[in-house]
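**Student:** Next one to model:
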Amino acid sequence: MIKGGKGGGKTITGLRFESRVTLEKVLSAIPNYKVSNDKVYFKGRIVAEFYPKNKLYKNLLEPKGIDYSKIISKRLLPDEAILILKDNTMFIIEIKFQEVAGSVDEKLQTCDLKNREYKKLLAPLNISVRYTYVLSDWFKNPSYKDVLDYVKSVGCYYFFNELPMEFLGLPV
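**Tutor:** Presented below is the predicted three-dimensional model:
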């Protein structure tokens with residue numbers, strides 16, 4: 001969007017998610033973005049790197065000689081993890097799309113512990129962490145107000161269906 005509200009009608013300001021869609025697929029569909037070998041390019045310049053699931057350990061920590069078991073007691077496997085290179089920030093993104101009550105309800109309550117563990121894990125690399133949920137509309141139900149307030153209160157983040165590019169610090 002252009003300052004003052006003029007133009008920008010085709011500017012993409014958020015990454016739209018649906019059930020079982022990866023961050024890589026969402027970014028790849030945006031003009032000027034290309035994803036190749038877990039690297040994110042904007043207009044030909046690398047701006048981020050992906051480290052989902054086991055790639056966090058295999059492609060980031062192990063090559064730098066970091067043994068996770070000496071830092072945290074259990075391996076954590078993020079749905080999505082994207083390292084934004086300009087400010088050395090790792091966004092741990094958990095995508096929770098729900099249509100009925102279930103175990104995901106309680107998983108939201110674990111964000112404080114996981115956020116702390118990821119921060120400890122990535123501290124040797126001076127990487128800051130932002131633990132973030134992308135949630136379906138199911139979680140807009142008033143019965144989730146307390147847990148969503150909790151998520152914010154412990155320094156974690158959440159968004160519904162979309163992850164703002166500005167939040168990630170990616171160019172638009």
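**Student:** which residue ranges form the strands in this protein?
**Tutor:** 14-16, 33-36, 39-42, 45-50, 80-84, 89-96, 128-135, 157-160, 162-164 (DSSP state E).
**Student:** Next, count neighbours for L168.
**Tutor:** Summarising burial for L168: neighbours were counted as other C-beta atoms under 10 Å, giving 21. All C-beta atoms are positioned from the backbone trio N, CA, C, and that covers glycine.
**Student:** In contact with it, which residues?
**Tutor:** With contact taken as C-beta atoms under 8 Å, 6 or more residues apart in numbering, L168 is in contact with 15, 48, 82, 84, 91.
**Student:** hang on, the second one packs against L85?
**Tutor:** Yes - assessed by C-beta atoms under 8 Å, A48 is found in contact with L85 at 6.0 Å.
**Student:** re the thing from before, now mean neighbour count, mean pLDDT and distance to L61 too, for the strands of the chain, in a markdown table please.
**Tutor:** A markdown table is the format used below for the strands of the chain (neighbours: other C-beta atoms under 10 Å; pLDDT from 0 to 100; distance: least, C-beta to C-beta, whole Å):
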| stretch | mean neighbour count | mean pLDDT | distance to L61 |
| --- | --- | --- | --- |
| strand 14-16 | 17 | 55 | 25 |
| strand 33-36 | 16 | 95 | 21 |
| strand 39-42 | 17 | 97 | 18 |
| strand 45-50 | 18 | 97 | 13 |
| strand 80-84 | 22 | 96 | 11 |
| strand 89-96 | 22 | 93 | 11 |
| strand 128-135 | 21 | 95 | 14 |
| strand 157-160 | 17 | 94 | 23 |
| strand 162-164 | 17 | 86 | 24 |
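**Student:** Contact partners for N59?
**Tutor:** 38, 51.
**Student:** distance of it from F50?
**Tutor:** Taking C-beta to C-beta, to the nearest Å as the criterion, N59 is separated from F50 by 9 Å.
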